[in-house]
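Trainee: Provide a 3D model corresponding to the input given below.
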Amino acid sequence: MIITMRENPSNKLFVAGIVALLLIAPSYLLAQAGAKKPVLLYSRYFNAKGESRYLPDGTYRDVLARLGDTFEVRVNDLPLDAKNLKDVKVVLIANPSDRAVRNNPTPPHVSSADVEALSKFVHDGGGLIAMGNQEGHNLEIKDFNHLLEAFGMRLENNYTDAKKLIIPKDVPIIGGLRWAYYTGNQVVIDPNNSAHPRPLVMNDLHQKPVGGPRDAAGALLAIAEPGRGHVAVVTDSGWLSNDALSDKGIGSVAIKGEDNWEICLRLTKWAAGQK
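Mentor: Alright, predicted model coming up:
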């Protein structure tokens, strides 16, 4: 079947537009297919050698594999300086260590050089996700807080036991989702800091813990936006473990029907500056 069109300027313009689109589309699609994923670095720099918690090939294997669909995931224990952060978009730090494990060397604590390098990285558009934990997990916060305080936040060892938190629908980024929270400390926020720190998830005392009696009022997850960057501070590291994501649970506590992976994905995309 042959379709003919009357000779007029509008028809010619229409045909020319279609031809141009067909010529451009293949190159656009190829460019999109070849676009590089943003780099997410799971940094083990502040974790002690021999520390078995949250290993990339252990309890964090599943979450890092899933993040690989959206990010180019890297794992190393190199210093977080300008050279090693050159093409990184998001840095993830979980449970920075306090003491040496067995006969291994003492782990590095946050130094003034680390604060300077990571502050510049974030202000220039990078993302940082830092996660605390509970007691008994070799967690260091005294020096790590020097870094977080640059963004108007600090961790405090005021604990909340495991609970299932239904996040209110009006909360930005992760509203309406269900967070299986597996025990952690607390974020204290300086509202006068120029990074505009603010709580994202406040502990709802009406939703009771299932793994113990502790239930501290305060922020369990907070964010800040210094310069062009994004910072999220979470008070639990176990919520992203293989067993938490699979509803198996941790220890004797299993919180089922959670959205931890979706919370992680949204939070990580936000840290990368993606809408």
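Trainee: please count neighbours and contacts with C-alpha atoms only from this point.
Mentor: OK.
Trainee: could you give the mean pLDDT of stretch 237-253?
Mentor: Confidence over stretch 237-253 (mean pLDDT, whole number) is 96.
Trainee: tell me the contacts of the closest residue to residue 147 other than its chain neighbours?
Mentor: Excluding the flanking residues, the one nearest residue 147 by CA to CA, 6 or more residues apart in numbering is residue 115, at 5.1 Å. Contacts for residue 115 (CA atoms under 8 Å, 6 or more residues apart in numbering) come out as 146-147, 150.
Trainee: next SSE after the longest strand seen in the chain?
Mentor: What stands out as the longest strand in the chain, according to DSSP state E, is strand 153-160. Moving toward the C-terminus from strand 153-160, the first helix or strand encountered (DSSP states H and E) is strand 163-166.
Trainee: where in the stretch 101-250 of the chain is pLDDT low?
Mentor: Applying pLDDT under 70 to the predicted model, the stretch 101-250 of the chain contains no residue that meets it.
Trainee: ranges for the strands of it?
Mentor: Applying DSSP state E, counting those that start in this stretch to the stretch 101-250 of the chain gives strands spanning 127-131, 153-160, 163-166, 178-181, 184-189, 198-202, 219-224, 230-234.
Trainee: want to throw those strands into a markdown table with distance to residue 241?
Mentor: Listed next are the strands of the stretch 101-250 of the chain as a markdown table, based on distance: least, CA to CA, whole Å:
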| stretch | distance to residue 241 |
| --- | --- |
| strand 127-131 | 13 |
| strand 153-160 | 18 |
| strand 163-166 | 16 |
| strand 178-181 | 11 |
| strand 184-189 | 14 |
| strand 198-202 | 20 |
| strand 219-224 | 17 |
| strand 230-234 | 14 |
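Trainee: so how far is residue 250 from the residue nearest to residue 147?
Mentor: For residue 115, the distance to residue 250 under the criterion CA to CA, to the nearest Å works out to 33 Å.
Trainee: can you check residue 100 too?
Mentor: The span separating residue 100 from residue 250 equals 24 Å under the rule CA to CA.
Trainee: neighbour count added to the contacts of residue 115, as a markdown table?
Mentor: Converted to a markdown table, those look like this (neighbours: other CA atoms under 10 Å):
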| residue | neighbour count |
| --- | --- |
| 146 | 18 |
| 147 | 21 |
| 150 | 17 |
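Trainee: closest to residue 197 among the residues you listed?
Mentor: Each of the contacts of residue 115 was scored against residue 197 by CA to CA, and residue 150 proved nearest at 10.4 Å.
Trainee: name the nearest residue to the closest one, sequence neighbours excluded.
Mentor: Leaving out its chain neighbours, residue 150 is closest to residue 119 (CA to CA, 6+ apart), at 7.1 Å.
Trainee: pull the number of nearby residues for that neighbour.
Mentor: By other CA atoms under 10 Å, the residues close to residue 119 number 20.
Trainee: pretty sure it contacts residue 152?
Mentor: No. Look at residue 119 against residue 152 with CA atoms under 8 Å: they stay out of range, at 11.8 Å.
Trainee: among the contacts of residue 115, which are located in helices?
Mentor: Here DSSP state H is the test, and the contacts of residue 115 give 146-147 as lying in helices.
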